[in-house]
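[1] Quick one: sequence and predicted model below, then my questions.
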Amino acid sequence: MNDAGTVKTVCMDADEIERSLTRIAHQILETNKGAGNIALVGIVTRGDLLAKRLAEKIEAIEGTKVPLGKLDISFYRDDFATHLSPEVHSTDILFDLDGKDVVLVDDVLYTGRTIRAALDALMDIGRPSTVQLAVLVDRGHRQLPIRADFVGKNVPSSSDENVRLFLEEADGKSEVEILEIAPGSRAGSAPLGGE
């Protein structure tokens, strides 16, 4: 048991995650007719790790190294005022976004509020030609009109459950778990370092 509650099921293992990322990389290349104008921007704390893996896969497939950045949305969240001490990370986008086809990468798409915040943050940095969304898991329950362009897996879940991605680089294991939310807790990403 961890702060999110009891694990109900593991819906993706490490191999399924890798296969999904390979498929998403191919879909990104097909949609954008190659890697020539693509830039990947991952939302911290796990979207940036997925974006790095996608960039490696795209380079292996296409032979092109795509610009890679990470985006912290802490100060753009609509619940910022209710978090007394938000966990702040760094934004690291060392390339010009203007005119790029930016693929925003996140781990789990839920209400859409994280993506709205990420779009606001991106637009403060530059003006991409397009912004596409790639997520490993879409769990439904949208509160905003946001949908992913590239999805690893659709995972139906109830609002009493949490869907969390754990990655080897941050947590020592790679899997997607569905957990029962513990009383007093809310749905959200796993803290870095796992449980």
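    Everything's here; your move. Numbering: from 1, shown residues only.
[2] for the longest helix seen in the chain, packing partners?
    As far as residue count goes, and with DSSP state H defining each element, the longest helix of the chain is helix 14-31. Here helix 14-31 is seen to pack against helix 47-62, strand 130-138, strand 150-154, strand 175-180 when contacts are counted using 3 or more Cβ pairs under 8 Å, 6 or more residues apart in numbering; DSSP states H and E. The way it works is simple: take the backbone N, C-alpha and C, and place the C-beta from them, glycine included.
[3] repeat that for 6 Å
    Here helix 14-31 is seen to pack against helix 47-62, strand 150-154 when contacts are counted using 3 or more Cβ pairs under 6 Å, 6 or more residues apart in numbering; DSSP states H and E.
[4] chain center to whichever helix or strand comes after that helix: distance?
    Using DSSP states H and E, the helix or strand that follows helix 14-31 towards the C-terminus is strand 38-43. Centroid displacement of strand 38-43 relative to its chain, using Cα atoms, centre = their mean, to the nearest Å, is 10 Å.
[5] Output the contacting helices and strands for strand 38-43.
    helix 47-62, strand 68-71, strand 101-109.
[6] will you turn these into CSV that also has mean neighbour count, distance to Arg147 and mean pLDDT?
    Formatted as CSV, the entries for these read as follows, by neighbours: other Cβ atoms under 10 Å; distance: least, Cβ to Cβ, whole Å; pLDDT from 0 to 100:
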stretch, mean neighbour count, distance to Arg147, mean pLDDT
helix 47-62, 20, 16, 98
strand 68-71, 22, 19, 97
strand 101-109, 26, 8, 98
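[7] Adding distance to His141, write these out as a markdown table.
    Listed next are the helices and strands packed on strand 38-43 as a markdown table, based on distance: least, Cβ to Cβ, whole Å:
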| stretch | distance to His141 |
| --- | --- |
| helix 47-62 | 18 |
| strand 68-71 | 23 |
| strand 101-109 | 9 |
